[in-house]
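Give me a 3D structure for the following:
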Amino acid sequence: MSVRRTGGRRGNGDLAGNPPTRTAVRSAKLAALPLAFAGRRAAGAGKKALGRSRTEVDREIRLRTAQHLFEVLGELKGFAAKIGQVLAVYELALPLELAEPYRIALSRLHDSTPAMLPSTVHAVLTESFGPDWRVNFREFDDRRAASATIGQVHRAIWHDGRPVAVKLMYPGAREAVHSDLEHLRRMSALLAVFVPNADIRAMTERLAECIRAELDFAQEAENQRAFALAFDGDPDFRVARVVARRGDVIVSEWLDGVPLTRLIDMGAQAERDRVGLLAIRFVLSSPERTGLLYGDPHPGNFRVQPDGRLGVVDFGACTPWPPPQFAPMVFEVGDALINGGPAELDAAIRRHGFARRDSVFDAVALGDQLRAYAELLLRERARVDREWLRARVLVALNPRLDNVNRHLDLPAYYVPFGRAVTTLFGLVSQLGASGPIRDEVLRWSPELTEVMARHRARTGGPTDLAAVRLRRSTIGDSRRRA
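Okay, here's the model as predicted:
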């Protein structure tokens, strides 16, 4: 067997050159973020006093803060890097001139993580496969081929000649993630400022449960086997088969292909449209085909294969799906939104745990907010791009006290689906994909298919809500003139 080795520099991690995992080190790095921001603002005040442009100084502060934030998140990995993935979606909500520094820093997030030194990689392989781990490989490349939130991937040749991807967990990653989750629990009470009626503790615990599941490589390998079997021979998708799993190492068939990050940057619009619809199809079809929800559809987990199929990797964030409450909720909330009115929407939202029975919220405002999502079902073709998502996020995160979202709850059972759909919308919006999104959604949702059948029976066919709003506006103007 041949092994290609690379050198490593000394660093400040638990192991020289490796990502830091000790609680004290991670806490210190996270704590440094607000302190550094305060220092930059103080220094900026001095620069403004000396006559520098306020706009120039503020932009410099944003740029340096964004770079610092994502460098730290990228270096820490684990749950902290997942926060970075969420921020990658919320960056879309910023005005373009403010978002630029964050977009620049986000583009460096996955590349900024220190790679494990070869000696550490060999130690992980020894612990998982035993001291004779090398007999399993004809070749093993010490250089990292890709990074993951709790580990990294190496390219190798299995003993039978198959090219394989070897995913290893960072030493200490479990402890680091558990520490991050404890920080999340302590900070969760602050979220009540933004959503005072939500059961923050239940939501936090459900999210923590999802994250902890990603630390179980044995379960991840089983998830991947289930997906590989279900999608075997599929004309649209390819899931790599698991070759071996021992300890904190998963060996899978290697998938070549164009990463979606490259397609987002320079792909032709027709290809971006096609891949966007395929991503929707994969996520929405996964429960029916595997009994599992694919929960992490961000660009790094997909690549376009040479034969045009969409290759999918990383099956740690998979949840048995659906829970019994889900299908009735989809039908009743969807039916109230599309075929009912504010009273029906109010009742459905309360019945399914999105608002407490004694809480007060504006069902009309909620209907207005959700109408953009309903339009995806009421239009033959629709487009989801950065501007579409930015508008949705700006409305959802509006800090005004009368924002209807402040008066709603998010039931714990919905958290995995909410995470998956939020990430999926982020991916599709980055692609700027357009096409028959309605048909793709209805193909995998009998509940929404029934909703739309009721809509057709009531109206005679699908309706473009933009045209409805225009008609209502015209009628309103006529009445006011009269």
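
what's around the closest residue to residue 369 other than its chain neighbours, how many residues?
Closest residue to residue 369 in three dimensions, ignoring its sequence neighbours and counting by CB to CB, 6 or more residues apart in numbering: residue 395, at 5.6 Å. Yep, even glycine has a C-beta here, placed from its N, CA and C like the rest. By other CB atoms under 10 Å, the residues close to residue 395 number 16.

Next: residue 380.
11.

Over to the one 4 residues further on?
Taking other CB under 10 Å as the criterion, the count of residues near residue 384 is 25.

Where does the prediction get shaky in the stretch 301-450 of the chain?
Applying pLDDT under 70 to the stretch 301-450 of the chain picks out residues 397, 399, 401.

Now do the closest residue to residue 215 other than its chain neighbours: how many residues are near it, please.
Closest residue to residue 215 apart from its sequence neighbours, by CB to CB, 6+ apart: residue 174 at 5.2 Å. By other CB under 10 Å, the residues close to residue 174 number 17.

Please apply the same query to the one 5 residues further on.
Look at residue 179: counted by other CB under 10 Å, it has 21 neighbours.

please begin residue numbering at 34 from this point
Sounds good: first residue 34 from here, last item residue 212.

Name the helix or strand for it, please.
Assessed by DSSP states H and E, residue 212 sits inside helix 206-220.

pLDDT averaged over that helix - what is it?
Helix 206-220 shows a mean pLDDT of 68.

same check, this time on stretch 149-156
Average pLDDT, stretch 149-156: 93.

and if you look at stretch 78-97?
73.

In PDB, list the C-alpha atoms belonging to it.
Presented in PDB, the C-alpha positions along stretch 78-97 are these (Å, rounded to 0.1, in the frame of the first residue of the first chain):
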ATOM      1  CA  ALA A  78     -15.400  56.000  16.800                       C
ATOM      2  CA  GLY A  79     -11.900  57.400  17.000                       C
ATOM      3  CA  LYS A  80     -11.400  57.200  13.200                       C
ATOM      4  CA  LYS A  81     -14.700  59.000  12.700                       C
ATOM      5  CA  ALA A  82     -13.700  61.700  15.100                       C
ATOM      6  CA  LEU A  83     -10.500  62.200  13.100                       C
ATOM      7  CA  GLY A  84     -12.600  62.800  10.000                       C
ATOM      8  CA  ARG A  85     -12.900  59.400   8.200                       C
ATOM      9  CA  SER A  86     -16.100  58.700   6.400                       C
ATOM     10  CA  ARG A  87     -18.700  57.100   8.600                       C
ATOM     11  CA  THR A  88     -19.800  54.800   5.700                       C
ATOM     12  CA  GLU A  89     -16.200  53.700   5.100                       C
ATOM     13  CA  VAL A  90     -15.500  53.000   8.800                       C
ATOM     14  CA  ASP A  91     -18.800  51.100   9.300                       C
ATOM     15  CA  ARG A  92     -18.100  48.900   6.300                       C
ATOM     16  CA  GLU A  93     -14.600  48.200   7.500                       C
ATOM     17  CA  ILE A  94     -16.000  47.100  10.900                       C
ATOM     18  CA  ARG A  95     -18.600  44.800   9.200                       C
ATOM     19  CA  LEU A  96     -16.000  43.300   7.000                       C
ATOM     20  CA  ARG A  97     -13.500  42.500   9.700                       C
END
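
For residue 261, which non-adjacent residue is closest in space?
Excluding the flanking residues, the one nearest residue 261 by CB to CB, 6+ apart is residue 272, at 4.4 Å.

Test my guess that that neighbour contacts residue 345.
Yes. Counting by CB atoms under 8 Å, residue 272 does reach residue 345; the two are 5.4 Å apart.

Next, show the common contact partners of the two.
Counting by CB atoms under 8 Å, 6 or more residues apart in numbering, the contacts common to residue 272 and residue 345 are residue 260.

so what's residue 291 up against?
Residue 291 is in contact with 336-337, counting by CB under 8 Å, 6+ apart.

Check the spacing between it and residue 264 real quick.
The gap separating residue 291 from residue 264 is 19 Å, by CB to CB, to the nearest Å.

for the record, mean pLDDT for the helix or strand containing residue 294?
Secondary structure from DSSP H and E places residue 294 in helix 293-299. Taken as a whole, helix 293-299 has a mean pLDDT of 91.

and that helix, which residues are buried?
In terms of neighbour count (16 or more other CB atoms under 10 Å), helix 293-299 has its buried residues at 293, 296.

and it, C-alpha only, in PDB?
Extracted in PDB, the C-alpha atoms of helix 293-299 (Å, rounded to 0.1, in the frame of the first residue of the first chain):
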ATOM      1  CA  LEU A 293     -23.100  22.700  -6.300                       C
ATOM      2  CA  THR A 294     -20.900  25.600  -5.100                       C
ATOM      3  CA  ARG A 295     -19.400  25.700  -8.500                       C
ATOM      4  CA  LEU A 296     -22.700  25.400 -10.300                       C
ATOM      5  CA  ILE A 297     -24.100  28.300  -8.100                       C
ATOM      6  CA  ASP A 298     -21.200  30.500  -9.100                       C
ATOM      7  CA  MET A 299     -21.000  29.800 -12.900                       C
END
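
Which residue ranges of the stretch 134-283 of the chain form strands?
In the stretch 134-283 of the chain, the strands defined using DSSP state E, counting those that start in this stretch lie at 170-180, 184-191, 196-202, 270-272, 275-279, 282-286.

need the ones you listed in a markdown table with mean pLDDT, distance to residue 355 and mean neighbour count, can you?
Listed next are the strands of the stretch 134-283 of the chain as a markdown table, based on pLDDT from 0 to 100; distance: least, CB to CB, whole Å; neighbours: other CB atoms under 10 Å:
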| stretch | mean pLDDT | distance to residue 355 | mean neighbour count |
| --- | --- | --- | --- |
| strand 170-180 | 94 | 31 | 18 |
| strand 184-191 | 95 | 29 | 21 |
| strand 196-202 | 96 | 28 | 22 |
| strand 270-272 | 98 | 21 | 23 |
| strand 275-279 | 97 | 25 | 18 |
| strand 282-286 | 98 | 26 | 23 |
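
Throw those into JSON lines and include distance to residue 416, thanks.
Shown next, in JSON lines, are the strands of the stretch 134-283 of the chain (distance: least, CB to CB, whole Å):
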{"stretch": "strand 170-180", "distance to residue 416": "31"}
{"stretch": "strand 184-191", "distance to residue 416": "34"}
{"stretch": "strand 196-202", "distance to residue 416": "34"}
{"stretch": "strand 270-272", "distance to residue 416": "23"}
{"stretch": "strand 275-279", "distance to residue 416": "37"}
{"stretch": "strand 282-286", "distance to residue 416": "35"}
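
Any idea which of those gets closest to residue 410?
For residue 410, the closest of the strands of the stretch 134-283 of the chain is strand 270-272, at 23.9 Å, according to CB to CB.

elements contacting that closest one?
Counting contacts by 3 or more CB pairs under 8 Å, 6 or more residues apart in numbering; DSSP states H and E, strand 270-272 packs against helix 250-263, strand 343-345.

Tell me the helix or strand right after the last one.
When you say that, I think you mean strand 343-345. As assigned by DSSP H and E, the chain's next helix or strand after strand 343-345 is strand 351-353.

Report the buried residues of that next one.
Here strand 351-353 shows 351-352 as buried, counting by 16+ other CB under 10 Å.

Can you list the strands that that strand pairs with?
If you go by DSSP bridges, strand 351-353 pairs up with strand 325-327 (antiparallel).

Cross-check the contact I'm expecting between the residue nearest to residue 402 and residue 403.
No. If you go by CB under 8 Å, residue 428 and residue 403 don't touch, sitting 10.1 Å apart.

where exactly do the helices run in the stretch 334-483 of the chain?
Using DSSP state H, counting those that start in this stretch, the helices of the stretch 334-483 of the chain run over residues 359-372, 375-384, 396-411, 419-429, 448-464, 470-476, 479-492.
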